[in-house]
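Undergrad: Sequence and computational prediction follow.
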Amino acid sequence: MQRVSCEGAPRDLGLDQGRACRDAVRADARALGWEGDGSWLGALCARAGARSARALSRDLARHFPHLDERISGLAAGAGLPREALLVLLEEELGDPLLLGAGIARGNAGTQLVVALRAPLPLTGLVARNTRPDGGYRHLALTRPGLVAALAGVNEGGLAGAVELLDPPAPHAPGCGVPSALLLDQCLERLDTVEKALEWCERRPGGGRARIVCADSSGAVGALDLDGDTRTRREPQALELATDETRARALLDPIARAIELRLPGVPADRLALGSWLPPRGGR
């Protein structure tokens, strides 16, 4: 698992991630057909999802301008065309790393438990400590070529994870950006479960996803997103027993920490800000 520090405006955040994860991002791009001479081998035009990629690009700029700028920064940092990062985004969300999320209550308080696919992809996970201009510092789990968080916790005590159920259909009306990307904005802007769910209820996003949240007060909640439809889930439906045999991550909103547990290896505990450089230092 690679540790990455990102700081500044949206494009700077993407640049930091792209530079730090350059080799892994380029390896993932090559696996999809990109070659080192800069050609994309028609991967965007010839693939079945080409039209949805155009809708994704259009609606990112319209509804998710911060993430749109971060994708451009990530592409520049990795030395890839922007279209390559859009294709990677579609691929990552079309083959989810996160298999589900729920709540576990114990002596240490309420934790968010995230089941991970095993084995992990060859290019692994990224633990990203982010200090955005004008937003909450947050620690997120993601992939090298993905600007959005799959799971994370912020300094305000909000933890969240997203389970992508179905990406937007290529010809479906409405927003072409997967609603799963809303989680990243919650971690940057909000500090309670209620604020996060209410904000997501009002924001556009396509496809089907489930966002599960917990905060440092002990509050929990989840929202099912299906096109324009938003449905809250009852908190008691979110509780689950921890399966010690599964790859998983435990998110602690009180300690502002994430613990990664993979079968056969020691647990890896990550604390918010633990490897961020001093402000202004890169």
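TA: Sure, I can see it. Numbering: from 1, shown residues only.
Undergrad: what number of residues lie near the residue lying closest to D226 once chain neighbours are set aside?
TA: Spatial nearest neighbour of D226, chain neighbours left out: R208 (4.8 Å); criterion: Cβ to Cβ, 6 or more residues apart in numbering. C-beta: built from backbone N, CA, C; applies to glycine. R208 has 19 neighbours, counted by other Cβ atoms under 10 Å.
Undergrad: If R208 is in a bridge, with which residues?
TA: Beta bridges link R208 to D166, D226 when assigned by DSSP bridges.
Undergrad: dump the residue contacts of it.
TA: L164, L165, D166, S179, D224, L225, D226, G227 (Cβ atoms under 8 Å, 6 or more residues apart in numbering).
Undergrad: Derive a PyMOL selection command for the buried subset of the residues you listed.
TA: The buried subset of the contacts of R208, as determined by 16 or more other Cβ atoms under 10 Å, is captured in PyMOL by this line:
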select buried, resi 164+165+179+224+225+226+227
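Undergrad: quick one: which of the contacts of R208 is nearest to A104?
TA: Distance to A104 across the contacts of R208 (Cβ to Cβ) is lowest for D224, with 20.4 Å.
Undergrad: Verify the assumption that that closest one is located in a helix.
TA: No. Checked against DSSP: H, G, I helix; E, B strand; the rest coil, D224 lies outside a helix; its state is strand.
Undergrad: Test my guess that it contacts R230.
TA: Yes. Between D224 and R230 there is a contact at 7.3 Å, judged by Cβ atoms under 8 Å.
Undergrad: Okay, the residue nearest to D226 and G102: tell me how far apart.
TA: Going from R208 to G102 by Cβ to Cβ, to the nearest Å gives 18 Å.
Undergrad: What is the burial count for P204?
TA: The burial count for P204: 16, using other Cβ under 10 Å.
Undergrad: actually R70, not the one I typed
TA: Using other Cβ under 10 Å: R70 sits among 28 other residues.
Undergrad: Give me the three-state assignment for it.
TA: Assignment for R70 (three-state DSSP): helix.
Undergrad: what does C186 give?
TA: Here C186 is recorded as helix under three-state DSSP.
Undergrad: Spatially, what comes nearest to it if we skip its sequence neighbours?
TA: Among residues not flanking C186 along the chain, A196 sits closest, at 4.3 Å (Cβ to Cβ, 6+ apart).
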